[in-house]
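> I need the structure of the sequence given here:
(one chain, ligands or ions: 1)
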Amino acid sequence: MSESTGKPVIELKDVKVYHHARTGGLFRPNIVKAVDGVDFTISRGETVGIVGESGCGKSTLASVLVGLQPPTSGQVLFHGKPAIKRNAAMRKQFGRSVSVVFQDPATALNPRMTIQDILTDPLQIHGIGNAASRAAKVKELLALVGLPQSAAEVTPSQVSGGQRQRVAIARALALDPDIIVADEPTSALDVSVRAQVLNLLSDLKTQLNLGMVFISHDIQTVRYVSDRICVMYFGKIVEQGTAAQVFDNPSNDYTKKLLGAAPSLLHI
Ligand SMILES: Nc1ncnc2c1ncn2[C@@H]1O[C@H](COP(=O)(O)OP(=O)(O)OP(=O)(O)O)[C@@H](O)[C@H]1O
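Residues are numbered from 1 along each chain as shown. From the prediction side, this is the model:
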């Protein structure tokens with residue numbers, strides 16, 4: 001797998017996201033430390049896997065990375081500059097540079113829009129190109145994710161689950177981002193197509209020199225795609241290193257437990 005290239009696109013420094021607990025009480029904390037002092041970087045050309053059990057803070061961390069969730073404290077740097085109080089121009093640049101692929105394409109894609117319109121939408125929102133260049137971009141995106149050109153004419157419900165996730169990936173690529181944050185991108189898919197979608201993400205990362213943050217509860221899936229792995233536990237990154245380091249020589253007890261409990265690739 002390729003090495004990281006250049007400086008971080010996004011850098012988190014001691015980021016904390018605390019919520020008021022939905023159900024506090026005498027023996028339950030009133031504050032949920034969803035993310036609790038995380039340092040993290042992502043650069044173009046690298047895939048960083050984030051793994052941990054349900055509730056450890058992975059999705060909250062993803063929300064911070066894509067700018068949807070402001071941290072309670074800590075710094076989010078975008079190309080080395082604070083991204084929290086960013087102005088409209090920076091917000092736009094951030095929106096183009098960092099995109100997201102969610103777990104379930106059935107809910108992430110508008111069921112009433114054609115795939116052509118879904119892929120044109122981000123270009124229109126950002127005022128990119130004209131009708132002809134947008135149409136050409138849609139063709140290019142469909143080819144990039146291995147969908148037939150005829151897919152443009154139909155709605156998401158008229159293609160398979162795996163194809164829907166390809167549409168979501170194409171949409172995430174529409175603005176030529178630097179970074180894609182993929183939050184459990186294969187968990188909602190049929191087991192038979194998970195490997196294809198993982199391979200597609202891996203190939204795209206190499207072909208386009210993307211930075212990819214790959215989030216999953218499944219350590220074997222994370223290993224399959226990641227150059228570097230961060231293990232999360234109760235809001236903290238308790239271990240990080242290359243896939244080989246984390247798998248062959250885990251130093252943290254929780255990582256050892258995760259590895260011990262990991263049955264088989266792509267089948268969870
Ligand atoms: N808005 C909120 N209000 C209160 N608690 C929240 C809120 N959002 C998340 N949490 C809590 O923060 C913790 C981390 O949640 P998060 O969804 O980030 O974990 P996760 O690792 O992505 O889990 P999953 O894989 O189940 O989605 C959980 O205990 C969750 O209940």
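> my read is R194 is in a strand, agree?
No: counting by DSSP: H, G, I helix; E, B strand; the rest coil, R194 is not part of a strand but helix.
> what sits closest to it if chain neighbours are left out?
Among residues not flanking R194 along the chain, T186 sits closest, at 4.2 Å (CB to CB, 6 or more residues apart in numbering). For the C-beta atoms, the positions are set from N, CA and C on the backbone; glycine is no exception.
> same deal with Q103?
Distances taken as CB to CB, 6+ apart place E184 nearest to Q103, at 4.1 Å, with adjacent residues excluded.
> quick revisit: since we're on the residue nearest to R194, how many residues are nearby?
For T186, the neighbour count with other CB atoms under 10 Å is 25.
> that one touches V197, doesn't it?
Yes: proximity of T186 to V197 meets the contact threshold set by CB atoms under 8 Å, at 5.3 Å.
> what sits in contact with each of those two?
Residues touching both T186 and V197 by CB atoms under 8 Å, 6 or more residues apart in numbering: Q165.
> picking up where we left off before, for the residue nearest to Q103, give its distance to the ligand.
E184 sits 7 Å away from the ligand, going by CB to the nearest ligand atom, to the nearest Å.
> burial count for that residue?
E184, neighbours per other CB under 10 Å, totals 20.
> thought H217 was touching it, still the case?
Yes: counting by CB under 8 Å, E184 touches H217, with 7.2 Å between them.
> pLDDT below threshold where in the stretch 151-268 of the chain?
The stretch 151-268 of the chain contains residues with pLDDT under 70 at 262-268.
> what's near enough to touch the closest residue to the ligand within the stretch 101-250 of the chain?
Ranked by CB to the nearest ligand atom, the top residue of the stretch 101-250 of the chain for proximity to the ligand is H217, at 5.5 Å. Neighbour list for H217: V51, G52, E53, S54, K58, E184, S187, I268 [criterion: CB under 8 Å, 6+ apart].
> select only the buried ones of those in ChimeraX?
Those of these that count as buried under 16 or more other CB atoms under 10 Å are selected in ChimeraX with:
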select :51,52,58,184,268
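> tell me which two in the contacts of H217 are the farthest apart.
The span of the contacts of H217, defined through CB to CB, is set by K58 and I268 at 14.5 Å.
> next one: the residue nearest to Q103 from K16, what distance?
23 Å (CB to CB, to the nearest Å).
> helix, strand or coil: sort out the closest residue to P148 other than its chain neighbours for me.
Of all residues not flanking P148 in the chain, L142 sits nearest, at 7.2 Å (CB to CB, 6+ apart). For L142, the assignment made with three-state DSSP gives helix.
> residues touching L142, list them.
With CB under 8 Å, 6+ apart, L142 has these contacts: I115, L119, P148, Q149, A151, A152, A170.
> I'd say the fifth one and V159 touch.
Same thing as A151. Yes: assessed by CB under 8 Å, A151 is found in contact with V159 at 6.2 Å.
> what parts of this protein come near the ligand?
For the chain, the residues in contact with the ligand (CB under 6 Å from any ligand atom) are 19, 22, 32, 34, 52, 54-60, 217.
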